[in-house]
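Participant: let's see this in three dimensions:
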Amino acid sequence: MIYLDYAATTPISDKALEIYGHIAKNQYGNPKSLHDVGTIADHSLTASRKTLAELINGDEHGIYFTSGGTESNHLAILSLARAHKEKGKQIITSKMEHASVLQAFELLKKEGFDVRYVPVNAHGIVERDALANLITNETILVSLAYTNGEIGVIQNIEEIGAFLKKRKILFHSDCVQAFGKIEIDTQKANLSSISLASHKIYGPKGVGAVYISPEIKWKALFDDVTHENGFRPGTVNLPGIVSFVYAAEEACEAILSEQNRIQRLRDIFLSCIMDHDKIIVEEHPDSKAQSPYLLGLRLKGVEGQYTMLECNRHGIALSTGSACQIGEHTPSYTMHALGRTIDEAREFIRISFGKYTDEKDCITAANCLNEIVKNRE
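Facilitator: Have a look, this model is predicted:
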């Protein structure tokens, strides 16, 4: 099977798996326990927290480990909005966000928050003026993904962060699809909080993290919680955390070389597409604003579900969008936000490249799409 769905999840790396097994077997203590077995586990947890903070240029005291990206988005957004609601109850996001972000905003709407959706331009970028038009004295939080999980457009979070900092507005970014692929500097971008996930960067599933600047107040979702400084209940997944952080180090060390390799593969794939009038690429024309790892496509007149199943029949795994949305059988959120019709949104497929993708995979997959288009004529 040719796997081209790395944006959904990645296989765990051999070294990350080895580390997971070693910690699970040898450091099984609860980090909250006061005996030596617990102390050893706590040292590993503290070291992991420090290392992860360094990778995002943050403070280790702002790292909170979670079960993954969805929980991270929920906890970050809810804890920040509820903690600052005395300042105002307007919160802003876009309709291109991950399902977990949109769900968190819907929950806050039911609690009386005023939810606003900032429009995006033709390429999916949130422009500063569009954001400025929505901001009032009641605005307390803006949440925008660094890299969109369907078409890979990259927001200018440094510009947005500087703009929001001047207005003393909190800025959360879902960085799940960006981490390990492009540099994340929470201080340079003036980010109040970010969300991360292990299984997108060859770490184990069921592990993630939230970073909230220690300078910023948050309100715990659960009372009388002792783990993770009260941010999240439950004994931490130490083997998963240590393995996650190792995978993160590996990914961050290889960012530039892997970016270049993936860009070359993307270019090869696109060069093999025979009819660009019938296979439409949904991307930003400026490579600086486009992640090479994600490739959004539409086969005109062909439903994405059909394309996905045909590719699967030929041994190629790709998707029709975010895995957290597909089960709802609804067209792509991103396509709707970009102004595509319902029928156009249903045509959408997502190809995502990763560590084990090679040139032959790209050529085979492109030729499969060419055949699908040809056979539907």
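
Participant: tell me where the stretch 201-350 of the chain has strands.
Facilitator: Per DSSP state E, counting those that start in this stretch, the stretch 201-350 of the chain carries strands over the ranges 208-212, 279-282, 294-299, 316-317, 348-352.

Participant: who touches the shortest one?
Facilitator: Put plainly, it is strand 316-317. The set of residues that contact strand 316-317 without belonging to it, under Cβ atoms under 8 Å, 6 or more residues apart in numbering, is M1, I2, Y3, L4, D5, C311, T364, A365, C368. Where you see a C-beta, it was placed from the backbone N, CA and C, and this is true even at glycine.

Participant: for burial, what's the neighbour tally of the first one?
Facilitator: M1 has 8 neighbours, counted by other Cβ atoms under 10 Å.

Participant: skip the chain neighbours and tell me the closest residue to it.
Facilitator: What sits nearest to M1 in space, not counting adjacent residues and going by Cβ to Cβ, 6 or more residues apart in numbering, is G315, at 5.2 Å.

Participant: okay, helices next: where are they in the protein?
Facilitator: Using DSSP state H, the helices found in the chain span residues 14-26, 36-55, 69-83, 99-110, 128-134, 157-166, 238-253, 255-271, 304-313, 323-326, 333-337, 342-346, 359-375.

Participant: the fourth one vs helix 69-83, what angle?
Facilitator: Using axes from the mean of the first three to the mean of the last three Cα atoms, to 10 degrees, the interaxial angle of helix 99-110 with respect to helix 69-83 works out to 30 degrees.

Participant: also the longest one?
Facilitator: Orientation note: helix 36-55 sits at an angle of 80 degrees relative to helix 69-83 (the same axes, to 10 degrees).

Participant: averaged pLDDT, helix 36-55. What do you get?
Facilitator: Across helix 36-55, pLDDT averages out at 96.

Participant: which helices and strands does that helix pack with?
Facilitator: With contacts defined as 3 or more Cβ pairs under 8 Å, 6 or more residues apart in numbering; DSSP states H and E, the packing partners of helix 36-55 are strand 63-66, helix 238-253.

Participant: so what touches the longest one?
Facilitator: Residues lying outside helix 238-253 but in contact with it, judged by Cβ under 8 Å, 6+ apart, are 12-13, 15-17, 19-21, 23-24, 27, 31, 41, 44-45, 48, 51-52, 55, 65, 179-181, 196, 198, 201-204, 206-209, 258.

Participant: centre of the chain to it, how far?
Facilitator: In terms of Cα atoms, centre = their mean, to the nearest Å, the gap separating the centre of helix 238-253 from the centre of its chain is 16 Å.

Participant: just the CA atoms of that helix, as CSV, please.
Facilitator: This file holds the C-alpha atoms of helix 238-253, laid out as CSV (Å, rounded to 0.1, in the frame of the first residue of the first chain):
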residue,chain,number,x,y,z
LEU,A,238,5.0,8.9,30.7
PRO,A,239,6.1,6.3,28.1
GLY,A,240,4.0,8.2,25.5
ILE,A,241,5.3,11.6,26.6
VAL,A,242,9.0,10.6,26.5
SER,A,243,8.5,8.9,23.1
PHE,A,244,6.6,11.9,21.8
VAL,A,245,9.3,14.4,22.8
TYR,A,246,12.0,12.2,21.3
ALA,A,247,10.0,12.1,18.0
ALA,A,248,9.6,15.9,18.2
GLU,A,249,13.4,16.4,18.6
GLU,A,250,14.0,14.1,15.5
ALA,A,251,11.5,16.0,13.4
CYS,A,252,12.6,19.5,14.4
GLU,A,253,16.3,18.6,13.7
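
Participant: hmm, back to that, compare the strands of the stretch 201-350 of the chain and give me the one nearest I160.
Facilitator: I160 lies closest, by Cβ to Cβ, to one member of the strands of the stretch 201-350 of the chain: strand 208-212, at 17.0 Å.

Participant: what's the average pLDDT for that closest one?
Facilitator: Per-residue pLDDT values over strand 208-212 give a mean of 98.

Participant: going forward, count from 11.
Facilitator: Sure, I'll start numbering at 11, so the last one becomes strand 218-222.

Participant: what strands flank that strand, and is each parallel or antiparallel?
Facilitator: Neighbouring strands of strand 218-222 in its sheet, by DSSP bridges, are strand 73-76 (antiparallel), strand 203-207 (antiparallel).

Participant: could you dump those strands into TSV with mean pLDDT added?
Facilitator: Shown next, in TSV, are the strands paired with strand 218-222 (pLDDT from 0 to 100):
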stretch	mean pLDDT
strand 73-76	98
strand 203-207	98
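
Participant: okay, these, which one's buried deepest?
Facilitator: Relative to the other members of the strands paired with strand 218-222, strand 203-207 carries the highest mean neighbour count by mean count of other Cβ atoms under 10 Å, namely a mean of 29.

Participant: list the contacts of it.
Facilitator: Residues from elsewhere that reach strand 203-207 (Cβ under 8 Å, 6+ apart): 62, 66, 78-79, 82-83, 86, 90, 156, 180-186, 189, 194, 196, 217-223, 226, 258.

Participant: E292: which of the helices of the chain is closest?
Facilitator: That would be, of these and by Cβ to Cβ, helix 343-347, which comes in at 7.5 Å.

Participant: low-scoring stretches of the protein, by residue?
Facilitator: Counting by pLDDT under 70, the chain contains low-confidence ranges at 332-339, 387.
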